[in-house]
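Need coordinates for the below:
(chains A, B, C and D)
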Number of protein chains: 4
Amino acid sequence: MEYNGVIIENTYAEGFPTWVSRVIITAVTKEWAYKAAVEATGFATSTIGCPAEAGIERFVPAEETPDGRPGYAILICVGKKKLKEQLVERIAECVLTAPTTAAFNGLDAEEKLPVKLHFFGDGFESKVTVGDRECWSIPIMGGDFIIEEEYGAVKGVAGGNFLIFGENQMAALVAAEAAVDAIALVPGVITPFPGGIVSSGSKVGSKKYKFMGASTNEAFCPTIREKVEGTEVPEGVGSIYEIVIDGVDEAAVKAAMAAGVKAACKVPGVKQISAGNYGGSLGPFKFQLHELF
Amino acid sequence: MEYNGVIIENTYAEGFPTWVSRVIITAVTKEWAYKAAVEATGFATSTIGCPAEAGIERFVPAEETPDGRPGYAILICVGKKKLKEQLVERIAECVLTAPTTAAFNGLDAEEKLPVKLHFFGDGFESKVTVGDRECWSIPIMGGDFIIEEEYGAVKGVAGGNFLIFGENQMAALVAAEAAVDAIALVPGVITPFPGGIVSSGSKVGSKKYKFMGASTNEAFCPTIREKVEGTEVPEGVGSIYEIVIDGVDEAAVKAAMAAGVKAACKVPGVKQISAGNYGGSLGPFKFQLHELF
Amino acid sequence: MEYNGVIIENTYAEGFPTWVSRVIITAVTKEWAYKAAVEATGFATSTIGCPAEAGIERFVPAEETPDGRPGYAILICVGKKKLKEQLVERIAECVLTAPTTAAFNGLDAEEKLPVKLHFFGDGFESKVTVGDRECWSIPIMGGDFIIEEEYGAVKGVAGGNFLIFGENQMAALVAAEAAVDAIALVPGVITPFPGGIVSSGSKVGSKKYKFMGASTNEAFCPTIREKVEGTEVPEGVGSIYEIVIDGVDEAAVKAAMAAGVKAACKVPGVKQISAGNYGGSLGPFKFQLHELF
Amino acid sequence: MEYNGVIIENTYAEGFPTWVSRVIITAVTKEWAYKAAVEATGFATSTIGCPAEAGIERFVPAEETPDGRPGYAILICVGKKKLKEQLVERIAECVLTAPTTAAFNGLDAEEKLPVKLHFFGDGFESKVTVGDRECWSIPIMGGDFIIEEEYGAVKGVAGGNFLIFGENQMAALVAAEAAVDAIALVPGVITPFPGGIVSSGSKVGSKKYKFMGASTNEAFCPTIREKVEGTEVPEGVGSIYEIVIDGVDEAAVKAAMAAGVKAACKVPGVKQISAGNYGGSLGPFKFQLHELF
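So this is what the prediction gives:
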């Protein structure tokens, strides 16, 4: 099928399960909440080499936060065992340390992970109620740090994705940026890669170097199109960028894919949209591109 | 002594050794180089709980980069063994994956760390010369990723610091921001905490909770000033922010401290500047505040 | 009365009529729409010395814009005769010239102002339908510029305002920033001054220099508190910032004042909120501070 | 000739005289100086429809500003008579009103323009020395506003320019962005259009609509290439963006053109660089593209 003159391949993205927590970080201004959120979600593009996948989900206006200050919701996504550790460390090192911040649970869920940072108070901590939440108040140099103790965790979906085929690199790049902007407005998802974009989509393993767990997906590399038998790069395509999406559930990831694909197709120079899958062997979630419209 | 009406305490910051590498990340525009640099230096405030300390050192104009494109220099700081792993992972997950980027060594040093990402090319990689550098060119979906293989590593200095005592929280906060802005102009250093600022300066261990490796430094907590015997918070001080500096050598850290302290002292409502040390027991580097002027 | 421990004076802001148009600027990405909107609303703080008052009202997501691309809504506020000229010039010089943009009417109103930029096409222009709008398509170097011809204009309200009294300058400043952030979420209003904040509130005329139409409002100047008989600066107040609000109607301005005042009162170091009026002699709109809660 | 595989046409940009003043705006932080500079240089792309051409020249580090705070230098460019008025109004409405700012002269020149804003102080103003400058201190609500009284003005050059021909719109756009980034590092110049880029280059007058002073330059419009006899759009070019440069002198404009052209030629998808002139009839300055290398 076509959308806005762009070919939409009849294929699907393959997603797999992950565990997800959401932290609401508030601060005296939007800007300071943002700075903490950026630090807390850094080095978190892919669990292949990062300790977690993480990103800013959305701005949370003051009237929706427990303490009535502006905030940002972040998602942290990784296997369940590691999630607790990453939640603790990313809050401890990147939110507690950030000026004027507070940290609240952002997910109502049966499963709850404890973040016992109040011990940092060395006995000077105290219980406080903020809005409708029971929290700890920890005296620190900058003032008092307010933190909720338990964070909900849900089984979410990682690896939602689509591929943007551009006439040349800049067309694919700006389209990817437009897609990421659009996805940023969808609740419940993040695009964990730098600027939300993946430049180096990979295949599992390596044909030549057996010690590599992943390597370049040569079938989708435009600059070696002539050298790769069975290339998937159509003529006239000069660059491909991938958008990877993690979310709290299947519906959120699907909504994000729909918003992103449509936005990409509005950018001049985009030729085709595809998606990455492993033939269904890796993950239980299938997101058909043709069902996004 | 006083500077601009602000009391400068007669004390010193205590720094300790670390290993440092510098990566120059270039991209098609300043903005895309910046986005990769932000991701690559995230979750990297303190080695207490992060896998490294890292930050953006400075913008590198096109005429100073190997490929003639705009770039950012980042510093990664951690013990030597872990530095190699962090260098590899942060480049692999946060630079290789970022659109249009390239990665170059930014430190001429005897000690060199190998970053063998060219294996990702699965045999399609090739050697190329970029400016005066031997590099690898790896075909990826977005185009070709250029990367230098060896990165210099030097013994640097971590834990340079100073404390800003403000009349109230906002005075201390804006002064800390002004200090970070000023330090950003000094070559060879980073301020690894969120927005460059530490809100929750800690002491080693905990008096009450023996299982804690670090806890709040109650002597410097303004909100419990009345409760803490031996408080170091002077009357009229409502908030204290710390700036922590890592650098390639002692001179760089000292220059950064000087620039930061002077900038902070220009902000109305700043009362006093101090520094954190452990009586000289932790680190071999001493930065006397009075010698900064 | 008090709110969050801050004194709310029993006074009112005095607003006066203005004419308002809204332009929706779209572009290939959020960022390029933003850059055009910033240029188009610059040099537009006060009609005392600027040709208009203008500002960014809000981000408009793709699904709400006529062409399905991301956009920003801007408001232009000035007397009716000048509004037409300012609308034409700000679109012609700052939107038509900006890469990838389009301009659409953002106000359904009986009164319509013509913006006949299609003559720029020198005969190469053509009529096109975009979403449900009849527009002109003008060939330009970058591509085609799409523009709607008629823009609604309504009688709005200028000069909504409140004053933030801070313990010191940085407390007042950060509170003003927090207030502007909060007002940015309220539809139908702008805060036209730099960063949304007025540092130099004025009185009509001048006691000493008869040729001046406006001069400093000495009764509200903290640094000369001791020298001014009848000063309105309470003891312990070191700085005062004013927020000025223009809007499409009285309700929008009132909602913005409420959001801004509440946000400012959350910032530590804010002592009092007041508002500026001329005893009711200047404008027909009265916004009582006590009615905001 | 070719540069980096891009055709450089053998033509020249035609510049014409303008008058230029430079204002150094400082503030408590880099960010607040920036916000004032943005407002003060808005609605200032072209004197065809704006009251002046203006832009941010560069960041000025604290050690180079009179008051030792971070700042931005802006240039205001227009005919001499109007320059005085624009200098006064842009400082009065956009800098005096901005929080924590000060304004200093940034041009040593024989010609000096008076900016008598101290009358705003209504008798409460006083003379102060800041660094080596005689200034006025004006009490305002936020604190004291420091301003120098006289601003140098020099005969500069307007209309320096070049054209970027891209394979498609996104290639031309990102190349234009890269060019603007590079020019931003050259002292003495500004790129006054939105984001530094002109999307709608014009010709003098109009063939069809005699009342128009300027209209689209159809010979350079890619979307009507087939309809325009004598089109200047080569086959395979889908979009053209222009960069316009104003500067304090010929050398600065030439340096900026060189930096910009080279940066644009690094971006994939750029095919050709040209420049705009009127056959030498309009301006006395000729900038030959081939002399930039």
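
So which residues on the stretch 1-150 of chain A come close to chain C?
A:28-31, A:61-62, A:68-70, A:143 (CB under 8 Å from any CB of the partner chain). The C-beta positions use only the backbone N, C-alpha and C, and glycine is treated the same way.

Quick one: name the residues of chain A near chain D.
A:166-171, A:173-175, A:238, A:267-269.

From residue C:179, how far off is the residue in the stretch 1-150 of chain A that chain C sits nearest to?
Nearest residue of the stretch 1-150 of chain A to chain C (CB to the nearest CB) works out as residue A:30 at 4.7 Å. When distance is defined by CB to CB, to the nearest Å, residue A:30 is 12 Å away from residue C:179.

just residue A:209 next, same as before
58 Å.

Tell me how chain A divides into domains.
A:2-14+A:157-292, A:19-154 (automatic domain parsing).

Can you tell me the strand partners of the helix or strand hosting residue A:77 and which way each runs?
Assigned by DSSP states H and E, residue A:77 belongs to strand A:71-78. The strands that strand A:71-78 pairs with in its sheet are strand A:12-26 (antiparallel), strand A:53-60 (antiparallel) (by DSSP bridges).

Output those strands as JSON lines; include the columns mean neighbour count.
As requested, the strands paired with strand A:71-78 are exported to JSON lines (neighbours: other CB atoms under 10 Å in any protein chain shown):
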{"stretch": "strand A:12-26", "mean neighbour count": "24"}
{"stretch": "strand A:53-60", "mean neighbour count": "23"}
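
how about those in TSV, adding mean pLDDT?
Listed next are the strands paired with strand A:71-78 as TSV, based on pLDDT from 0 to 100:
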stretch	mean pLDDT
strand A:12-26	97
strand A:53-60	98
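
Kindly present those as a markdown table, with separate columns for distance to residue C:190.
Formatted as a markdown table, the strands paired with strand A:71-78 follow (distance: least, CB to CB, whole Å):
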| stretch | distance to residue C:190 |
| --- | --- |
| strand A:12-26 | 25 |
| strand A:53-60 | 19 |
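
Between the two ends of stretch A:198-213, how far is it?
For stretch A:198-213, the first-to-last residue distance is 18 Å (CA to CA, to the nearest Å).

quick check, it touching chain B?
Yes - judged by CB under 8 Å from any CB, stretch A:198-213 and chain B are in contact via A:198-202, A:206-209, A:211-212.

Identify, by residue count, the longest strand of chain A.
strand A:150-166 (DSSP state E).

Quickly run through the sheet partners of that one, with directions.
Checking strand A:150-166 against DSSP bridges gives partners strand A:12-26 (antiparallel), strand A:112-114 (antiparallel), strand A:239-247 (antiparallel), strand A:270-274 (antiparallel).

can you tell me which of these comes nearest to residue D:40?
strand A:12-26 (32.8 Å; CB to CB).

Which members of the residues of stretch A:198-213 next to chain B are positioned in strands?
Judged by DSSP E, the residues of stretch A:198-213 next to chain B include residue A:202 as members of strands.

Relative to residue D:57, which of the residues of stretch A:198-213 next to chain B is nearest.
residue A:199 (33.9 Å).

Next one: the closest one relative to residue A:242, how far apart?
8 Å.

before we move on, what about residue A:102?
From residue A:102 to residue A:242 the distance is 35 Å (CB to CB).

Looking at residue A:199 and residue A:242, which is more packed in?
residue A:199 (29 against 26; other CB atoms under 10 Å in any protein chain shown).

related to what we said a few turns ago, now the angle from the helix or strand following the strand holding residue A:77 to strand A:53-60?
Using DSSP H and E, the helix or strand that directly follows strand A:71-78 along the chain is helix A:80-94. Computed by axes from the mean of the first three to the mean of the last three CA atoms, to 10 degrees, the angle separating helix A:80-94 from strand A:53-60 equals 60 degrees.

Mind checking which residue lies nearest the centre of chain A?
Geometric centre of chain A, nearest residue: residue A:190, 2.9 Å, by CA atoms, centre = their mean.

picking that back up, who has more neighbours, residue A:209 and residue C:179?
residue C:179 (32 against 15).

In contact with the closest residue to that one other than its chain neighbours, which residues?
Of all residues not flanking residue C:179 in the chain, residue C:260 sits nearest, at 3.8 Å (CB to CB, 6 or more residues apart in numbering or on different chains). Listed by CB atoms under 8 Å, 6 or more residues apart in numbering or on different chains, the contact set of residue C:260 reads C:162, C:179-180, C:182-183, C:243, C:245.

Assign residue C:260 to helix, strand or coil.
Of the three states, residue C:260 takes helix under DSSP: H, G, I helix; E, B strand; the rest coil.

distance of it from residue C:65?
For residue C:260, the distance to residue C:65 - CB to CB - is 27 Å.

I'd like the distance between residue A:125 and residue B:212.
Distance of residue A:125 to residue B:212, given as CB to CB: 12 Å.

what touches both of these two?
Joint contacts of residue A:125 and residue B:212 (CB under 8 Å, 6+ apart) are residue A:119.

More neighbours: which of the two?
Neighbour count, other CB under 10 Å: between residue A:125 and residue B:212, residue A:125 has more, with 21 against 18.

about what we covered before: among the residues of chain A next to chain D, which are located in helices?
Under the assignment DSSP state H, the residues of chain A next to chain D contribute A:169-171, A:173-175 to helices.

got CSV for these, with distance to chain C too?
Output for these, formatted as CSV (distance: CB to the nearest CB, whole Å):
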residue, distance to chain C
A:169, 15
A:170, 11
A:171, 10
A:173, 10
A:174, 6
A:175, 9
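
Cross-check these against chain B and keep the overlap.
Answer for these near chain B (CB under 8 Å from any CB): A:169-170, A:173.

What pLDDT is listed against residue A:282?
pLDDT, residue A:282: 76.

isn't there a strand covering it?
No - counting by three-state DSSP, one finds residue A:282 to be coil, located in no strand.

and it, how many neighbours?
13.

ok, it - contacts?
A:14, A:16, A:159.
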